[in-house]
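Colleague: need a 3D model of the following:
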Amino acid sequence: PDSDVNVELEAMRIDIAAAVCTQTASVMEAFRYPIPLVIGCGLVFLQQITGQPSVLYYATNIFKDAGLGDSAALSATAVGFVKLLATLLTVWRVDSFGRRPLLFVGITMMVVALSVISVAFLFRVCTTPGKTIDQCDAAHVVLPQAWAIATVIALMVYTVVDLMFSNAPHEISQALNITQ
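Modeller: Residues are numbered from 1 along each chain as shown. Take a look at the predicted model:
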């Protein structure tokens with residue numbers, strides 16, 4: 001076993017020595033392969049427009065606006081814990097599912113989760129008698145309990161799905177040097 005390692009290490013050293021200073025790369029060489037460039041830029045774009053880190057950052061405020069009051073911080077903590085579990089599962093199983101199917105399923109599920117959150121906030125009510133939503137103080141605007149629960153579940157699905165089924169499996173597997 002040690003001789004195999006030494007042989008492989010020597011082969012790596014020869015490859016490195018052959019590649020060093022053979023030629024310099026220009027910026028234009030990145031454009032020689034347009035399809036991988038478009039795919040890579042598209043994945044980075046999708047990661048940015050999902051806004052998942054921002055949603056997680058403001059989770060407590062979102063839950064307060066959903067009418068969860070004192071349990072908003074606990075709900076945000078639960079979302080973070082579920083995200084941790086999802087990270088562990090993702091690292092363990094990403095290659096067995098395949099990255100491309102996970103990407104498509106994930107984006108679809110994220111759209112559904114964000115739609116549920118958006119629709120939920122259409123049903124806000126004012127707890128102050130005789131006032132409309134526009135006249136009501138922000139502290140007295142809440143969601144009905146069913147929509148508040150739907151918001152918590154959708155936000156959990158959104159953060160977990162973003163991690164497990166869309167962009168993160170690519171980052172995690174690259175960081176761990178896992179090949180498909």
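
Colleague: pLDDT on the biggest helix by length in the chain, on average?
Modeller: Secondary structure of the chain read by DSSP state H shows that its longest helix is helix 72-97. Mean per-residue pLDDT for helix 72-97: 78.

Colleague: specify the angle between the helix or strand that that helix is followed by and helix 72-97 in degrees.
Modeller: Next helix or strand after helix 72-97 toward the C-terminus (DSSP states H and E): helix 99-120. If you take axes from the mean of the first three to the mean of the last three CA atoms, to 10 degrees, helix 99-120 sits at 160 degrees to helix 72-97.

Colleague: packing partners of helix 99-120?
Modeller: Secondary-structure packing of helix 99-120 (3 or more CB pairs under 8 Å, 6 or more residues apart in numbering; DSSP states H and E): helix 145-161, helix 168-175. Where you see a C-beta, it was placed from the backbone N, CA and C, and this is true even at glycine.

Colleague: among these, which gets the worst mean confidence?
Modeller: helix 168-175 (a mean of 50).

Colleague: and after the helix or strand harbouring Val38, which helix or strand comes next?
Modeller: Following DSSP H and E, the helix or strand that holds Val38 is helix 34-50. Next in sequence after helix 34-50, counting helices and strands by DSSP H and E, comes helix 52-57.

Colleague: rounded mean pLDDT for that next one, please.
Modeller: Computed over helix 52-57, the average pLDDT equals 74.

Colleague: measure Gly67 to Met110 for me?
Modeller: Counting by CB to CB, to the nearest Å, the gap from Gly67 to Met110 is 24 Å.

Colleague: which one's more surrounded, those two?
Modeller: Between Gly67 and Met110, Met110 has the larger neighbour count (other CB atoms under 10 Å), namely 24 against 20.

Colleague: if we can go back for a sec, list the buried residues in the longest helix of the chain.
Modeller: Ala72, Ser75, Ala76, Ala78, Val79, Val82, Lys83, Ala86, Thr90, Val91, Val94 (16 or more other CB atoms under 10 Å).

Colleague: with that, I have no additional questions.
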